[in-house]
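>>> sequence first, predicted model second:
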Amino acid sequence: MIYTLTLNPAIDFELIVADFEFDAVSRALGSRVDCGGKGFNVSRMLANLKMPSIAMGLVGGPTGDRLSAMLGELGIDTRFTRIAGETRTNVSLVQAGGSKHLKVNDTGPSISDEELAELIGMVRAAARPGDWWVLAGSLPPGVPDDVYAQLITILDQQGAFTVLDSSGEALRLGCAAGPTLVKPNLAEAEQLTGLVVSDAASLTALAQAVLLLGPVSLVLSMGKTGALLATPDEQVECISPRIVEQNPIGAGDSMVAGLVWGLSQGQSQSGSLTLGIACGAATASCAGTTLGTLADVEALLANSN
Ligand SMILES: Nc1ncnc2c1ncn2[C@@H]1O[C@H](COP(=O)(O)OP(=O)(O)O)[C@@H](O)[C@H]1O
Ligand SMILES: O=P(O)(O)OC[C@H]1O[C@](O)(COP(=O)(O)O)[C@@H](O)[C@@H]1O
């Protein structure tokens, strides 16, 4: 089974505008509301790929109810920890017909010690050997930075595999617990290591520096350029298919879904990277915060062969 864990889920609210104007009132040309948060997006993309998953996370208030209903409508199995606070809403402004966007992610509701303990207990109870767990996204206030490290240790002791997609201190401490795979984007990896990529040699140095922090393997995503897979023994670079980018929000989550789709079915790491790249590109080619479909992914894979 694949589990996704989202500690700080969100409604993604998108407003489409003709252009960005400061100190003026802009009128939206359109809007849309999507179920968001990194782990929930991975579950949504897996559902598009006809792959079942169980979405776990902290949800609260009417926004949490809305997210819960949206995941339910997609047929995604959920096991939530209810919280007293209100699940956040993240806002994007997207330029119509252009490729520019502005995105503001809220901090999220405060989580109590009891709520967090309940969630950790649920993870412990669900952990089984051979399952895949995606731990993804930022941490809401009240959750300690080492929470991913704690969860990775619990899951590892039970023989489960873990994929970590986060940022900042939570990512750094999570890496030290030895997740099976970590997926930062280039900016996150540069921030994590303090290194800057300017050429092929500095890219290799960055990948090795991330591996030294503790993960078993790394997929470094680099937007339209593609991604780099690195383990202590091998390094594989994969170029992304050319698409007309409409909105890259959710491309990283879709890539994680594609990686776990392959890995959980016993595919090689490089084969799974190909699936991850196709899923990321499929989503980047979709308007709004919609995610790519299985047909989109299959078309991209057929073209890349
Ligand atoms: N414009 C694009 N064209 C083709 N592929 C893309 C594009 N944007 C994203 N992708 C694919 O999605 C993956 C994840 O995107 P990226 O922007 O690196 O992640 P994140 O959303 O985490 O910042 C990339 O490695 C790439 O394969
Ligand atoms: O938890 P964070 O880091 O604030 O990110 C949450 C946001 O990330 C997203 O999951 C999109 O992430 P990616 O573009 O990295 O795939 C949005 O749906 C959500 O609003």
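Yep, it's here. Ligands and ions are numbered 1, 2, ... in the order given.

>>> up against ligand 2, what does the stretch 201-305 of the chain have?
249, 250, 251, 252, 253 (Cβ under 6 Å from any ligand atom). In short, each C-beta sits where N, CA and C put it, glycine included.

>>> so how many other residues sit close to the last one?
Read that as residue 253. Using other Cβ atoms under 10 Å, residue 253 has 30 neighbouring residues.

>>> re the thing from before, mind giving me the ChimeraX select for the residues of the stretch 201-305 of the chain next to ligand 2, buried ones only?
The buried subset of these, as determined by 16 or more other Cβ atoms under 10 Å, is captured in ChimeraX by this line:
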select :249,250,251,252,253
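
>>> would a markdown table of the residues of the stretch 201-305 of the chain next to ligand 2 with pLDDT and distance to residue 92 be doable?
Formatted as a markdown table, those follow (pLDDT from 0 to 100; distance: Cβ to Cβ, whole Å):
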| residue | pLDDT | distance to residue 92 |
| --- | --- | --- |
| 249 | 86 | 6 |
| 250 | 93 | 10 |
| 251 | 97 | 13 |
| 252 | 97 | 15 |
| 253 | 98 | 14 |
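
>>> what's the distance between residue 88 and residue 137?
Between residue 88 and residue 137 the distance is 11 Å, computed by Cβ to Cβ, to the nearest Å.

>>> with residue 15 instead?
22 Å.

>>> higher neighbour count, those two?
Using other Cβ under 10 Å, the more surrounded residue of residue 15 and residue 137 is residue 137, with 29 against 16.

>>> now for the more buried one: which residues touch it?
Counting by Cβ atoms under 8 Å, 6 or more residues apart in numbering, residue 137 makes contact with 6, 7, 8, 9, 37, 38, 39, 165, 166.

>>> pull out the buried residues from those.
6, 7, 8, 9, 37, 38, 39, 165, 166.

>>> the third one touches residue 110, doesn't it?
So the one you mean is residue 8. No - with contact defined as Cβ atoms under 8 Å, residue 8 and residue 110 do not form a contacting pair (11.3 Å).

>>> got any residues that touch both of those two?
residue 140.

>>> stretch 95-115 close to ligand 1?
No - using Cβ under 6 Å from any ligand atom, we find that stretch 95-115 stays clear of ligand 1, coming within 8.3 Å at best.

>>> that stretch near ligand 2 at all?
Yes - judged by Cβ under 6 Å from any ligand atom, stretch 95-115 comes into contact with ligand 2 through residue 105.

>>> quick check: buried residues in that stretch?
In stretch 95-115, counting by 16+ other Cβ under 10 Å, buried: 101, 105, 108, 109, 111, 115.

>>> verify the stated contact: the fourth one with residue 139.
Just to be clear, that refers to residue 109. No - at 11.6 Å, residue 109 does not count as touching residue 139 under the criterion of Cβ under 8 Å.

>>> the nearest residue to residue 287 once chain neighbours are set aside: how many residues sit nearby?
Leaving aside its sequence neighbours, residue 287 sits nearest to residue 246 (Cβ to Cβ, 6 or more residues apart in numbering; 4.6 Å). Using other Cβ under 10 Å, residue 246 has 16 other residues around it.

>>> pretty sure residue 246 is in a helix, no?
No - using DSSP: H, G, I helix; E, B strand; the rest coil, the secondary structure at residue 246 is coil, not a helix.

>>> I'd say it and residue 283 touch.
No - with contact defined as Cβ under 8 Å, residue 246 does not count as touching residue 283 (9.4 Å).

>>> so the closest residue to residue 190 other than its chain neighbours is in which element?
Nearest residue to residue 190 in three dimensions, chain neighbours excluded: residue 196, at 5.8 Å (Cβ to Cβ, 6+ apart). Using DSSP states H and E, residue 196 is not contained in any helix or strand.
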